[in-house]
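*Asks:* Generate coordinates for the sequence data below:
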Amino acid sequence: MSQPSAAPAQPPFGRVLTAMVTPMLPGGEVDLDGVDAVVEHLVATGHDGIVVNGTTGESATLSSDESIAVVERVVATAAGRAKVVAGVGSNNTAHAVSMAGRAAAVGADALLLVSPYYNKPTQRGLLAHCRAVADTTALPVMLYDIPGRTGIPFATETLVALAEHPRIVAVKDAKGDLMAATEVMNRTDLLFYSGADELNLPYLAIGAVGVVSVVGHVAGREYREMLEATDRGDLAAARAIHRRLAPLVDAIMTTSQGAITAKAALVELGVIDHAAVRLPLVESEEAELARVRAGLAVVGLA
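*Replies:* Residues are numbered from 1 along each chain as shown. Have a look, this model is predicted:
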């Protein structure tokens, strides 16, 4: 029986990535010392890539200057030990182009580009938006398909067309349509990353090269093991990890917004001092914290 083909050894984004939280002080200021601590923790727990200023990084409430300052700090702290993927998405194309240039200038290795939210452009508009950003950067671009937050998916034909751009090379897929993902993989060379922790194993099993996780804040080693098991065709080992992590995935991803619970989990582990978030997010209630602690305990982290 033939074994699965090996994934690229070193995709330009890494293979085990976490969409990193942005640590904050109780007053809401960005905690750059906390940023350093999270980066060191991620590098030490199996990550070869870090996504900055994604959904879990509370990018919607960071100013442009704060976003770039966090990218710069992560680049400096990672110091080449993990690829730094900077979220530059916006529902204003000109702003996304500007952020792409600024992220490149402070040393980002790659860009994450979410579909424009709220505006709900047509697929032609989505194509034009992504091409406009990719045309103005030398960095590789990972598209971020998360219609549950943006209100607009990347249609299959749109992804096929965007794959022709030399710098659009990957998709973070949080759409959850495995058949659509399979079709795009069949028709293009786009690298797929699971963007939904509950579906990490299914995505890896159909050919995703890696994960962009939230639960990876506290389970990076386990996701590295799952990926390696999948690479060598050991579905039983990968499935065992998937099932063991299920209570933790449930606690972090369904209790409340991932940024809230990921920060709470990092506080529980002593990585950061504060679980502060910015409005309209609020910190976890005690019942939510209890579920996070129980999820950590199941995998021996509490």
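*Asks:* Just the helices from the protein, written as ranges.
*Replies:* 32-44, 64-78, 93-105, 123-135, 147-150, 156-162, 178-187, 200-206, 216-231, 235-254, 258-268, 286-298 (DSSP state H).
*Asks:* ranking those by burial, who's on top?
*Replies:* With neighbours defined as mean count of other C-beta atoms under 10 Å, these peak in mean count at helix 258-268, which reaches a mean of 24. Heads up, the C-betas are built off the backbone N, CA and C, glycines and all.
*Asks:* so what does that helix touch, helix or strand wise?
*Replies:* Contacts defined by 3 or more C-beta pairs under 8 Å, 6 or more residues apart in numbering; DSSP states H and E place helix 258-268 against helix 216-231, helix 235-254, helix 286-298.
*Asks:* and it with helix 235-254, angle?
*Replies:* Using axes from the mean of the first three to the mean of the last three C-alpha atoms, to 10 degrees, the direction of helix 258-268 lies 100 degrees away from that of helix 235-254.
*Asks:* Give me the mean pLDDT for helix 258-268.
*Replies:* Taken as a whole, helix 258-268 has an average pLDDT of 96.
*Asks:* So what touches that helix?
*Replies:* For helix 258-268, contacts defined as C-beta atoms under 8 Å, 6 or more residues apart in numbering pick out 19, 21, 23, 38, 41, 55-58, 214-215, 217-218, 251-253, 255, 272-277, 281-284, 288-289, 292-293, 295-296, 301-302.
*Asks:* What of stretch 183-192?
*Replies:* Counting by C-beta under 8 Å, 6+ apart, 8, 11, 13, 142, 156, 159-160, 163, 168-171, 173, 181, 203, 206-210 sit against stretch 183-192.
*Asks:* Kindly present the helices of the chain as JSON lines, with separate columns for distance to residue 115.
*Replies:* What follows is the helices of the chain, written out as JSON lines (distance: least, C-beta to C-beta, whole Å):
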{"stretch": "helix 32-44", "distance to residue 115": "26"}
{"stretch": "helix 64-78", "distance to residue 115": "18"}
{"stretch": "helix 93-105", "distance to residue 115": "11"}
{"stretch": "helix 123-135", "distance to residue 115": "6"}
{"stretch": "helix 147-150", "distance to residue 115": "5"}
{"stretch": "helix 156-162", "distance to residue 115": "9"}
{"stretch": "helix 178-187", "distance to residue 115": "15"}
{"stretch": "helix 200-206", "distance to residue 115": "19"}
{"stretch": "helix 216-231", "distance to residue 115": "23"}
{"stretch": "helix 235-254", "distance to residue 115": "21"}
{"stretch": "helix 258-268", "distance to residue 115": "19"}
{"stretch": "helix 286-298", "distance to residue 115": "29"}
